[in-house]
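Trainee: any chance you could fold what I've pasted below:
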Amino acid sequence: MAALHIEDPVESGSLATTIRDQWLIASRGYFQGCVPIDLDEDLSTDEGKRLVTGAIKSLQKILAHSPEKLDGRAFNLLGIEGTFTGDIETWRLIEVGQAMLDLIDGKIKTTARDDSKMPGYGEKPRPRPAS
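Mentor: Sure thing, here's the model as predicted:
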């Protein structure tokens, strides 16, 4: 979904086109475990970082105003491998997006080997009490 929030490329072969195409291919569901989006390369320039973070933030903004659950059957229209049979809780997508932004900002210090906290997985976090 974030790939669809990358600003519309003005020309073929642009960085925006390259990142969007790469993300769309990765989103098709052909890959298991590690999804090949080459984030290091995408973030290696100021323009790439702006495109990537802008797409994630744009999606996050829309998700924040979306229903608590998205109808999984609608995702079947996207051409993703397999079939969605259940609804998708919006908080899970928001949490994954925030983890991506935190990773880009250097706030995540763990490696792929640490699976103690998988964004978007498990029980919905409880809101923190106001201080």
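
Trainee: tell me how many other residues surround the spatially closest residue to M1 that is not a sequence neighbour.
Mentor: What sits nearest to M1 in space, not counting adjacent residues and going by CB to CB, 6 or more residues apart in numbering, is L59, at 5.6 Å. All C-beta spots, glycine's among them, are computed from the backbone N, C-alpha and C. L59 has 21 neighbours, counted by other CB atoms under 10 Å.

Trainee: could I get the pLDDT score of L59?
Mentor: Per-residue pLDDT puts L59 at 96.

Trainee: quick one, phi/psi of it?
Mentor: Phi and psi for L59, reported as degrees, to the nearest 10, are phi -60, psi -40.

Trainee: and if you look at the one 10 residues further on?
Mentor: Per-residue torsions, K69: phi -130, psi 140 (degrees, to the nearest 10).

Trainee: beta-bridge partners for it, please?
Mentor: Judged by DSSP bridges, the bridge partners of K69 are E89.

Trainee: I figured it hits W91, correct?
Mentor: No - between K69 and W91 there is no contact under CB atoms under 8 Å: 9.4 Å.

Trainee: quick one on the thing from earlier: list the contacts of the residue nearest to M1.
Mentor: By CB atoms under 8 Å, 6 or more residues apart in numbering, the contact set of L59 is M1, A2, L4, H5, L93, G97.

Trainee: can you flag the buried ones in the residues you listed?
Mentor: Among the contacts of L59, those classed as buried by 16 or more other CB atoms under 10 Å are M1, A2, H5, L93, G97.

Trainee: surely P119 is within a strand?
Mentor: No - counting by DSSP: H, G, I helix; E, B strand; the rest coil, P119 is located in no strand; its state is coil.

Trainee: measure it to T110 for me?
Mentor: From P119 across to T110, the span is 11 Å (CB to CB, to the nearest Å).
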